[in-house]
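Engineer: What follows is a protein structure lacking sequence information:
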């Protein structure tokens, strides 16, 4: 479990959901973690406590990752606090549910800035620091929506599709620098975002019932957990995945294997 000891990680959107799960798993693996968040700090504080309880170190940092200067400061924080930046988790994300004709331009721009643009910016400042250390590993949290879309999430689906291409481009451009770049594409994972989605699609119905219905669409018959996504990410950060770069790894309970099959 201490395979990541001595590593320093930056996790964006680490105050809840998948980002929180990955940050906790990094701490369990021995990594020191910069816990990035926006909004209220309670979730980030919970994440940091779990990391310190696991015997590692954590630093909370508030940054709007759509902002260039904030991204520079986020990477600088890893160096000033822990002396390096070896791991980058691009997890910050948002979703706006609306059909194409009902999607406001401002909403589309915001989703693209958070989900896609922030990854470009964080990598822009993070990769040069990884090169100083002789390499590093980046994991981008994409989605099955980048492969096969549902209705009413045009901006979200476009942003996640862009992340898959950005993963491949960064991996190719920085393979010689020994910076590995991979993405994970979760299916339905029990997170606050999924619960919000349940409320949107089935208002008035108990959330647990809607989530169970989401899970039934997956061949394994359930939704996933943040811990299951975090285990895949931990593998991609470790030396066990040293020959893996430019790939996208599904953690979707078989969802995409059965798309369109009744």
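Structural biologist: Structure's in. What do you need? Note that the coordinates shown come from a computational prediction; the quantities given were computed from them, not determined experimentally.
Engineer: Tell me which residues touch the residue nearest to residue 134 when sequence neighbours are not counted, please.
Structural biologist: Distances taken as Cβ to Cβ, 6 or more residues apart in numbering place residue 178 nearest to residue 134, at 6.1 Å, with adjacent residues excluded. Yep, even glycine has a C-beta here, placed from its N, CA and C like the rest. By Cβ atoms under 8 Å, 6 or more residues apart in numbering, residue 178 lies in contact with 134, 135, 136.
Engineer: Among the residues you listed, name the buried ones.
Structural biologist: residue 136 (16 or more other Cβ atoms under 10 Å).
Engineer: Can you list the buried residues in the helix or strand hosting residue 10?
Structural biologist: Secondary structure from DSSP states H and E places residue 10 in strand 8-11. By neighbour count on 16+ other Cβ under 10 Å, the buried set for strand 8-11 is 8, 9, 10, 11.
Engineer: Ok, stretch 195-212 next?
Structural biologist: 197, 198, 210, 211.
Engineer: Can I get those in JSON lines including secondary structure and pLDDT?
Structural biologist: Converted to JSON lines, the buried residues of stretch 195-212 look like this (DSSP: H, G, I helix; E, B strand; the rest coil; pLDDT from 0 to 100):
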{"residue": "197", "secondary structure": "helix", "pLDDT": "76"}
{"residue": "198", "secondary structure": "helix", "pLDDT": "72"}
{"residue": "210", "secondary structure": "helix", "pLDDT": "87"}
{"residue": "211", "secondary structure": "helix", "pLDDT": "86"}
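Engineer: how about JSON lines for these, with distance to residue 235 added?
Structural biologist: JSON lines is the format used below for the buried residues of stretch 195-212 (distance: Cβ to Cβ, whole Å):
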{"residue": "197", "distance to residue 235": "27"}
{"residue": "198", "distance to residue 235": "29"}
{"residue": "210", "distance to residue 235": "31"}
{"residue": "211", "distance to residue 235": "26"}
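Engineer: thinking residue 43 is in contact with residue 15, fair?
Structural biologist: Yes: taking contacts as Cβ atoms under 8 Å, residue 43 lies within contact range of residue 15: 3.2 Å.
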